[in-house]
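In: below are the sequence and a predicted model for it; my questions follow.
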Amino acid sequence: MTKRMDEKFAALKAEGRPAFVTYFMAGDPDYNTALEIMKGLPAAGADIIELGAPFSDPMADGPTIQMAGQRALKGGHTLEKTISMARDFRKVDQTTPIVMMGYYNPIYVYGVEKFLDAAAEAGIDGMIIVDLPPEMDDELCIPALAKGLNFIRLATPTTDDRRLPTVLKNTSGFVYYVSMTGITGSALPDPSKIGTAVARIKGHTDLPVCVGFGVKTAEHARLIGAAADGVVVGTAIVAEVEKSLDADGKATTNTVSNVTNFVASVAEGVRAARLAAAE
């Protein structure tokens, strides 16, 4: 784990509450607005930021995040600009961990070594690359770990006890438990089943387990947070961006505040989870 990630989870464990992990799409609806959103997330209650890297064929993403990626790409956003966004964020925040989430193709085209050096220099702490299975760890995971970057792996309801050790072998930072099969933005699953699943994963690893896919409200966050080390919210945040745009898909004066106000409301649920977990 990078120092930032390590320190963040240690501090949250001392507080007795789960992490609030917030996802947004870099470059949506434009670079400057997205950067202002990113800068506003920690004050709104985000503990860790997932920085979405737009890609033309995002197979794991639902329509809301797909559209956000399309808006960013249409506006000329690139992987290089995603890295630059992290670098610009670090000018005002040196403590909030950044996890870049995306797909391997843009990294491969950019060049793996070049990407990893640039990401580390920009202050990115780790990555989630959803289309690289453990069998391909030599492509990016192992080189990333060698550079001191976390490589965060996804586990799902279909990841059984035989598969789980393979998934966890080179995972660092935290484990992202996808609480359902399907794409992002689906319905919330049964929280009691999530507790069982998190406990099963913890039987194989000492890493924190963060749960995402389907968390849309403070109450969702409270329920999930009572059973997990972290709550991940993505589609609902991206939807707030979309709802604030004008008829041409451009940012309005409400775009940043819509997102940060929503994040602040969900953060209350995450913090209430400390009480739920302690009861």
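Out: Ah, there it is.

In: name the nearest residue to residue 38, ignoring sequence neighbours.
Out: Leaving aside its chain neighbours, residue 38 sits nearest to residue 89 (5.2 Å; criterion: Cβ to Cβ, 6 or more residues apart in numbering). All C-beta spots, glycine's among them, are computed from the backbone N, C-alpha and C.

In: which element, helix or strand, includes that neighbour?
Out: If you go by DSSP states H and E, residue 89 is part of helix 79-90.

In: send the alpha carbons of that helix over as CSV?
Out: Taking C-alpha atoms only, helix 79-90 is exported to CSV below (Å, rounded to 0.1, in the frame of the first residue of the first chain):
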residue,chain,number,x,y,z
LEU,A,79,-5.5,9.5,-20.4
GLU,A,80,-2.7,12.2,-20.2
LYS,A,81,-5.3,14.8,-19.1
THR,A,82,-6.6,12.3,-16.5
ILE,A,83,-3.0,12.1,-15.1
SER,A,84,-2.8,15.9,-15.2
MET,A,85,-6.0,16.2,-13.2
ALA,A,86,-4.5,14.2,-10.4
ARG,A,87,-1.4,16.4,-10.6
ASP,A,88,-3.5,19.6,-10.4
PHE,A,89,-5.4,18.1,-7.5
ARG,A,90,-2.2,17.4,-5.6
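
In: against which helices or strands is it packed?
Out: If contacts are counted by 3 or more Cβ pairs under 8 Å, 6 or more residues apart in numbering; DSSP states H and E, helix 79-90 sits against helix 31-44, strand 48-52, strand 98-102, helix 104-110, helix 112-122.

In: adding mean neighbour count, write these out as a markdown table.
Out: As requested, those are arranged in a markdown table below (neighbours: other Cβ atoms under 10 Å):
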| stretch | mean neighbour count |
| --- | --- |
| helix 31-44 | 20 |
| strand 48-52 | 26 |
| strand 98-102 | 25 |
| helix 104-110 | 16 |
| helix 112-122 | 16 |
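
In: the lengthiest helix in the chain - what's its average pLDDT?
Out: In the chain, ranked by residue count with DSSP state H as the criterion, the top helix is helix 255-278. Averaging the model's pLDDT scores along helix 255-278 yields 86.

In: now that helix and helix 31-44, what's the angle there?
Out: Inter-element angle recorded for helix 255-278 and helix 31-44: 30 degrees (by axes from the mean of the first three to the mean of the last three Cα atoms, to 10 degrees).

In: quick one: the strands in the stretch 101-250 of the chain?
Out: Under the criterion DSSP state E, counting those that start in this stretch, the stretch 101-250 of the chain contains strands at 126-129, 150-151, 154-155, 175-178, 209-212, 230-233.

In: from those, which stretch is densest packed?
Out: Of the strands of the stretch 101-250 of the chain, the one with the most neighbours on average (mean count of other Cβ atoms under 10 Å) is strand 230-233, at a mean of 28.
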